[in-house]
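In: For reference, the sequence and a predicted model appear below.
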Amino acid sequence: MTPPPDGASARLSLRGLLWPARGRLAQVLTWSLVLAGATAAYGALAGPLLRALFGGEALAWPTWLAPHLPPPPSVSTLRRVTPALVLGTAVVKGLAQHRHAVAMARLGQGVVADLRRRLHARVLALPPDAVTAFGAGDLLARGTGDAEAAERLVSQGVAGAARDLLQVIALLVVCVAVDPWLALVAFGIYPLAFWPVARFARRLRRSAGTAHAERARLTTELHEQLRRLPLIQLSGAEAGAAARFGARVDAAVDAAVRTARVRAIASPFTEVLGAIALAGSLAFAVHRIDAGALAAEHVLSFVAALLLLYQPVKGLVRAQEVLQPGRAALDRVDAVLAAPDRLPVGQGQAPPAAAPHLRLRGVTVERGGRRVLDAVDADVPAGAVTALLGPNGAGKTTLAWVLARLVEPSAGSVQVDDVPLAALDAAAWRGAVGWAPQTPLLGRGTLRENVLFGAPEGAEARLDAAAREVGLDAVIAGLPRGWDTPLGDDGARLSGGERQRVALARALARAPRLLVLDEPDAHLDAAGRDAMRALVRRLARGRTVLLVTHDPALAATADHVIRLAHGRRVPAEAAA
């Protein structure tokens, strides 16, 4: 196998998928060759076994091979060696089947593990808005069900088809060796099957792609409903949720049944094709025997090889049931791997060590043919609180992503202390940004693990100070195991306000120079919002704070206000 061309790692192809696993693939092919040889030996031994059992005339080679072979063994010799040959062939075939199955499993699992790592790495490199566009449920489906279909494509499809093809070739050699004319009659009908098989493959790929997409929609719907389960229960919306989920289940079932209907063609088609080949060859064999051109043991070897051909030929046809859905799944994974959007990267200057001054000039962000931000000019002074104020959909979060360099502007520029943001080391700049999102995004780990998530080395020494700064120390005192208390799914052990303080402490543990607070009072009551306004002022000490909010009262605590509407900066009265 030649290595994939340059760029194959960016765009997914079957060759690019197999190249890293070429060593395992070589093992699969080696055991496939041994298995093919053992299977062919069974067919070849059938005729000599008949002669050894019933005796009679000495064994004769096929007429066209006789001049090129030594004299055949006697009947007594056949009776002595044939049982050992049959036993030896069975042992070799059994060993080959076992080793082939193990090698095939290693190949498939290695490929799916590599594919999942590549997909995960690509998702980690996607900007946040691109992840939102795909949808979390859809990405989950691509990383689980689609990746498993790709594993079947490699292990059962490619490796299985290679095994079956080698067996077909080996058995064809036996049939041709017995009688070329009889082989021509038996296999002359198979070329007629190419067109229906190709049509079957195209239909199967289309239907399998639809089935994969419907399963992804089902996963997305379930993910969304689990995420909003309390809201569904409190709103009495269970019936509507059940109806939506049921509709997705029905669509997935319909797509799966359509795919199964196409798959069901393979087995009877192969059965009929094999029966026609066997009937034609038997009729012609009678003619050849009557003409004295074939011995009975030759016909038995031929028929045995022809019967043994049934399973691998059926396997080759049924491989389409794995190959086409697998290729459809690869297309869906490739859509993520080949997504043009990418998290900004690049080495450059170190970010400033002090609170930065940010200047935006003509910043524009386009997504899906729509301008999310349209030529925004703004200043975010150093060491002060600047509020991004505007209604939902105004572009506030996107602008914050631009400043954190999670999204690259389509046009315009951002200056950091008179240095272009694009000239700074991207990873180092993001490391200088602390982010407290509107949804705290807590994991199942302990409080300590959640606050230290993604923090640089040495952050643990700042834990207690960060907790005191955001008022988390009182919460810690009430937890049964303090910092080492597990929080449960999404911080279920904590209230909304406590989760928000954990997110703030996590942002401060990074010792940020730019602190982004995205709707920090979204989950707080009136008293909590008052406390948050005072906290925002304290957090600005030694930092540049960007406060994302739709609340004019919270924005009023800021030193500066940038008002946005429909992706544009607007005066105060327009924003109101």
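Out: Looks like it came in fine.
In: Which elements pack onto the longest helix that the chain contains?
Out: Across the chain, the longest stretch assigned as helix under DSSP state H is helix 75-124. When contacts are defined as 3 or more Cβ pairs under 8 Å, 6 or more residues apart in numbering; DSSP states H and E, helix 75-124 packs onto helix 14-18, helix 22-54, helix 147-152, helix 160-178, helix 320-337. Glycine gets a C-beta too; all of them are placed from N, C-alpha and C.
In: so after that helix, what's the next helix or strand?
Out: Beyond helix 75-124 on the C-terminal side, the first helix or strand identified by DSSP states H and E is helix 128-134.
In: tell me what the helix or strand following that following helix is packed against?
Out: Remark: after helix 128-134, the chain's next helix or strand is helix 136-141, criterion DSSP H and E. Applying 3+ Cβ pairs under 8 Å, 6+ apart, one finds that helix 136-141 contacts helix 194-227.
In: Now the helix it packs on: average pLDDT?
Out: Taken as a whole, helix 194-227 has a mean pLDDT of 74.
In: Just want the angle from that helix to helix 320-337.
Out: 50 degrees (axes from the mean of the first three to the mean of the last three Cα atoms, to 10 degrees).
In: just how off-centre is helix 194-227 within its chain?
Out: With Cα atoms, centre = their mean, to the nearest Å as the basis, helix 194-227 stands 14 Å off its chain's centre.
In: Buried ones in it, by neighbour count?
Out: 197, 200-201, 203-205, 207-221, 223-225 (16 or more other Cβ atoms under 10 Å).
In: in the stretch 451-576 of the chain, which spans are strands?
Out: Taking DSSP state E, counting those that start in this stretch, the strands of the stretch 451-576 of the chain run over residues 514-518, 544-549, 560-565, 568-569.
In: May I have the strands that pair with the third one, each with its orientation?
Out: If I follow you right, that is strand 560-565. Partners of strand 560-565 in the sheet, by DSSP bridges, are strand 385-389 (parallel), strand 568-569 (antiparallel).
In: Highest mean neighbour count out of these?
Out: Highest mean neighbour count of the strands paired with strand 560-565: strand 385-389, a mean of 25 (counted as mean count of other Cβ atoms under 10 Å).
In: ok, back up a step: can you lay out the strands of the stretch 451-576 of the chain as JSON lines showing mean pLDDT and distance to residue 434?
Out: Putting these into JSON lines (pLDDT from 0 to 100; distance: least, Cβ to Cβ, whole Å) gives the following:
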{"stretch": "strand 514-518", "mean pLDDT": "92", "distance to residue 434": "5"}
{"stretch": "strand 544-549", "mean pLDDT": "92", "distance to residue 434": "10"}
{"stretch": "strand 560-565", "mean pLDDT": "93", "distance to residue 434": "19"}
{"stretch": "strand 568-569", "mean pLDDT": "92", "distance to residue 434": "25"}
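In: Pick the most buried one from those strands.
Out: Buried most deeply of the strands of the stretch 451-576 of the chain, by mean count of other Cβ under 10 Å, is strand 544-549, with a mean of 26.
In: Residue 392: neighbouring residues, count only.
Out: 7 (other Cβ atoms under 10 Å).
In: Correct me if wrong, but it is in a helix.
Out: No - counting by DSSP: H, G, I helix; E, B strand; the rest coil, residue 392 is not part of a helix but coil.
In: quick one: it from residue 435, how far?
Out: Remark: distance between residue 392 and residue 435 (Cβ to Cβ, to the nearest Å) = 19 Å.
In: again, but for residue 188
Out: 70 Å.
In: ok, the closest residue to residue 562 other than its chain neighbours - contacts?
Out: In space, and not counting its chain neighbours, residue 562 is closest to residue 378: 4.7 Å by Cβ to Cβ, 6 or more residues apart in numbering. Residues in contact with residue 378 (Cβ atoms under 8 Å, 6 or more residues apart in numbering) are 359, 360, 363, 562, 569.
In: what are the phi and psi angles of residue 378?
Out: Main-chain torsions, residue 378, degrees, to the nearest 10: phi -170, psi 160.
In: and it, how far is that from residue 402?
Out: Taking Cβ to Cβ, one finds residue 378 at 11 Å from residue 402.
In: got any residues that touch both of the two?
Out: Contacts common to residue 378 and residue 402, judged by Cβ under 8 Å, 6+ apart, are 360, 363.
In: Take the strands paired with strand 560-565 and write them to CSV, including distance to residue 415.
Out: As requested, the strands paired with strand 560-565 are exported to CSV (distance: least, Cβ to Cβ, whole Å):
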stretch, distance to residue 415
strand 385-389, 15
strand 568-569, 17
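In: closest to residue 285 out of those strands?
Out: Among those, the nearest to residue 285 by Cβ to Cβ is strand 568-569 (85.0 Å).
In: if we look at that closest one, which residues are touching it?
Out: 373, 374, 375, 376, 377, 378, 395, 562, 563.
In: related to what we said a few turns ago, among the strands paired with strand 560-565, which is nearest residue 503?
Out: Of all the strands paired with strand 560-565, strand 385-389 comes closest under Cβ to Cβ, at 17.6 Å.
In: Could you tell me the angle between the closest one and strand 514-518?
Out: Per the same axes, to 10 degrees, the angle that strand 385-389 makes with strand 514-518 is 30 degrees.
In: how is this protein carved up into domains?
Out: For the chain, automatic domain parsing gives the domain ranges 14-337, 358-575.
In: so which of these gets nearest residue 346?
Out: Of all the domains of the chain, domain 358-575 comes closest under Cβ to Cβ, at 5.2 Å.
In: and residue 466, what does it touch?
Out: 451, 472, 505, 508, 509.
In: now residue 305
Out: Contacts of residue 305 by Cβ under 8 Å, 6+ apart are 40, 43, 44, 46, 171, 174, 175, 178.
In: The fifth one and residue 401, how far apart?
Out: In this case it means residue 171. The value you get for residue 171 to residue 401, if Cβ to Cβ is used, is 62 Å.
In: Comparing these two, which shows the higher neighbour count?
Out: Relative neighbour count places residue 171 above the other of residue 171 and residue 401, with 25 against 22, counting by other Cβ under 10 Å.
In: my guess is the more buried one meets residue 43, correct?
Out: Yes - here residue 171 lies in contact with residue 43, judged by Cβ atoms under 8 Å, at a distance of 5.9 Å.
In: which residues do the two both contact?
Out: 305, 308.
In: still on that earlier bit, turn the strands of the stretch 451-576 of the chain into TSV, columns for distance to residue 335.
Out: Converted to TSV, the strands of the stretch 451-576 of the chain look like this (distance: least, Cβ to Cβ, whole Å):
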stretch	distance to residue 335
strand 514-518	29
strand 544-549	31
strand 560-565	32
strand 568-569	32
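In: Now do the contacts for the closest residue to residue 329 other than its chain neighbours.
Out: Using Cβ to Cβ, 6+ apart and skipping the chain neighbours, the partner closest in space to residue 329 is residue 149 (3.6 Å). Applying Cβ under 8 Å, 6+ apart to residue 149 gives the contacts 212, 325, 326, 328, 329.
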